[in-house]
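Enquirer: any chance you can model this:
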Amino acid sequence: MTNLDEMLDLLHHEDRTSTRPLGDVRARVLEAASANVVPLRRRRVAPVAVAAAAAALVATGVLVVKANDAPSQAPPVAAESAVRPEVRLVSAAGALDDAADKIKTVDQPLAPGQYRLITEHGTYARGMIVGPSPDKGGTWAVELTSKTWIPADVTGEWLNRRTKDGEVKWLGGNVPQSEVPFKLDDTDTGERRGACGDFFPNARPKKVCGSTTDWDSPAFYASLPRDPAALYDWLRSSTGQRGSAPVSMFALATEILRAGHMPADLRAGWYRAIAKIDGVVLTPEKVTVDGRTGVGITLMDPRERLELVISPETGDFIGDRTIAGPENGYSWIPEGTVLKSVAITTAVVNSIG
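Expert: Predicted structure coming up:
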């Protein structure tokens with residue numbers, strides 16, 4: 001995969017529940033990590049009509065402020081921002097090790113008729129540029145929720161329900177809002193069912209139930225080692241086509257955590273493997289994502305700061321954020337803007353839907 005816009009679609013929830021096998025998904029994760037830039041999908045403006053275009057997903061902050069009915073020429077609403085933190089180079093490994101120690105060794109089992117419910121909730125931005133220049137455009141934020149019900153027998157029927165929550169928010173731009181109107185993607189909302197989580201049966205390549213390359217499958221997690229050093233080697237080899245860059249390894253590790261399927265006995269070693277990645281640091285401030293507070297584990301570069309958030313009490317993965325750096329590439333996105341923030345919760349429920 002070479003299309004960076006398509007890669008950012010992966011980083012949103014719709015692709016995590018699609019039929020792509022791990023090899024294809026991994027390539028797209030690494031493409032985005034390698035480029036390490038928040039792309040906006042280009043659309044050209046005709047002399048009379050504004051051409052429609054699908055907007056690529058990037059991320060914004062957890063807090064969603066409902067937009068007012070402002071005229072198209074209204075000044076942009078200030079985007080939510082995160083203070084650029086000081087970091088302590090020696091603390092991330094200790095925090096990850098402590099979180100690993102807090103993880104329960106056994107996940108709650110499912111009784112007959114029960115389902116594991118994975119909820120992904122966050123706010124995401126949709127950005128477009130106008131015409132041939134990358135310097136003209138604007139960005140909106142939308143709050144979305146995706147819920148997936150998984151039966152005890154994972155070969156049975158799964159249910160995925162996606163909803164838009166609240167009103168969209170204008171994050172800013174240097175063109176009138178009317179030139180970059182917000183538009184939901186077809187897969188942002190709706191209800192889909194499928195055996196083994198095959199919610200997009202017409203996608204190619206075909207999803208293979210029970211594949212060891214599918215992040216939705218228990219077989220994938222069972223195939224991984226539990227030793228932190230071996231898991232680190234797995235992350236390094238899996239990102240080899242991108243030079244095993246730390247940002248690629250961190251992005252891949254976070255994406256798999258966000259899938260919400262990782263068993264507790266693997267997650268402890270996974271955290272310790274992340275601690276081995278060069279440049280990983282601990283942010284001194286507590287990080288709150290969707291009302292849940294945890295410790296932030298961070299990897300930074302001039303373009304953006306990647307951050308995963310972990311509960312220090314339970315070792316649970318809370319979610320992740322992406323924050324704009326000083327060289328993020330878009331003049332209307334100030335440094336410190338939270339570009340993506342997603343929270344993941346899991347629960348055992350007695351019925352589907």
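Enquirer: could you list the low-pLDDT ranges of the stretch 251-353 of the chain?
Expert: Applying pLDDT under 70 to the stretch 251-353 of the chain flags no residue at all.
Enquirer: for it, which segments count as helices?
Expert: Under the criterion DSSP state H, counting those that start in this stretch, helices of the stretch 251-353 of the chain are mapped to 264-274.
Enquirer: all strands for it, in order.
Expert: 281-289, 292-300, 304-310, 317-324, 338-349 (DSSP state E, counting those that start in this stretch).
Enquirer: dump the residue contacts of the residue nearest to Asp290 when sequence neighbours are not counted.
Expert: Nearest non-adjacent residue to Asp290, counting by Cβ to Cβ, 6 or more residues apart in numbering: Ala343, 3.5 Å away. Every residue, glycine included, has its C-beta placed from N, CA and C. Neighbour list for Ala343: Val62, Glu120, His121, Gly122, Val289, Asp290, Gly291, Arg292, Ile318, Gly319 [criterion: Cβ atoms under 8 Å, 6 or more residues apart in numbering].
Enquirer: the second one bridge partners, please.
Expert: When you say that, I think you mean Glu120. As for beta bridges, Glu120 partners with Ser146, Ile344 under DSSP bridges.
Enquirer: any idea how many residues pack against it?
Expert: Per other Cβ atoms under 10 Å, the neighbour tally for Glu120 reads 23.
Enquirer: which residues touch it?
Expert: Each residue near Glu120 by Cβ under 8 Å, 6+ apart is listed here: His13, Arg16, Thr145, Ser146, Lys147, Arg258, Gly260, Val342, Ala343, Ile344.
Enquirer: contacting residues for the last one?
Expert: Residues near Ile344 by Cβ under 8 Å, 6+ apart: Ile118, Thr119, Glu120, Leu257, Arg258, Gly260, Phe317, Ile318, Gly319.
Enquirer: count the neighbours of the fourth one for me.
Expert: Right, the one you point to is Leu257. Leu257: 21 neighbours (other Cβ under 10 Å).
Enquirer: so it is in contact with Trp270, correct?
Expert: Yes. Between Leu257 and Trp270 there is a contact at 7.0 Å, judged by Cβ atoms under 8 Å.
Enquirer: return the distance of stretch 308-317 from the chain's centre.
Expert: 16 Å (Cα atoms, centre = their mean, to the nearest Å).
Enquirer: same deal with stretch 168-184?
Expert: 22 Å.
Enquirer: same check on stretch 342-353?
Expert: 18 Å.
Enquirer: and stretch 116-132, by the same measure?
Expert: How far stretch 116-132 lies from its chain's middle: 9 Å, per Cα atoms, centre = their mean.
Enquirer: CA atoms only: put that stretch into CSV for me.
Expert: Below are the C-alpha coordinates for stretch 116-132, written out as CSV (Å, rounded to 0.1, in the frame of the first residue of the first chain):
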residue,chain,number,x,y,z
ARG,A,116,-17.8,-9.8,24.9
LEU,A,117,-18.6,-6.2,24.1
ILE,A,118,-15.7,-4.0,22.8
THR,A,119,-16.5,-0.3,22.6
GLU,A,120,-14.3,2.2,20.8
HIS,A,121,-15.3,5.8,21.4
GLY,A,122,-13.5,9.0,20.4
THR,A,123,-13.4,12.1,18.3
TYR,A,124,-11.8,12.2,14.8
ALA,A,125,-11.2,15.0,12.4
ARG,A,126,-12.0,15.1,8.7
GLY,A,127,-9.8,17.4,6.7
MET,A,128,-9.6,18.4,3.1
ILE,A,129,-7.4,20.7,1.1
VAL,A,130,-8.8,22.8,-1.7
GLY,A,131,-7.2,22.8,-5.2
PRO,A,132,-3.6,21.8,-6.0
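Enquirer: avg pLDDT for that stretch?
Expert: What stretch 116-132 shows for mean pLDDT is 91.
Enquirer: repeat for stretch 167-176
Expert: On average, stretch 167-176 scores 92.
Enquirer: and it, what's buried?
Expert: Buried residues in stretch 167-176, counting neighbours by 16 or more other Cβ atoms under 10 Å, are found at Val168, Lys169, Trp170, Leu171, Gly172, Gly173, Val175.
Enquirer: helix, strand or coil: sort out the first one for me.
Expert: This means Val168. strand (DSSP: H, G, I helix; E, B strand; the rest coil).
Enquirer: list the residues that contact it.
Expert: Contacts of Val168 (Cβ under 8 Å, 6+ apart): Ala67, Trp140, Ala141, Val142, Phe182.
Enquirer: between these, which is nearest Val247?
Expert: The nearest member of the contacts of Val168 to Val247, counting by Cβ to Cβ, is Ala141 at 24.0 Å.
Enquirer: so that closest one versus Arg267, what's the distance?
Expert: 30 Å (Cβ to Cβ, to the nearest Å).
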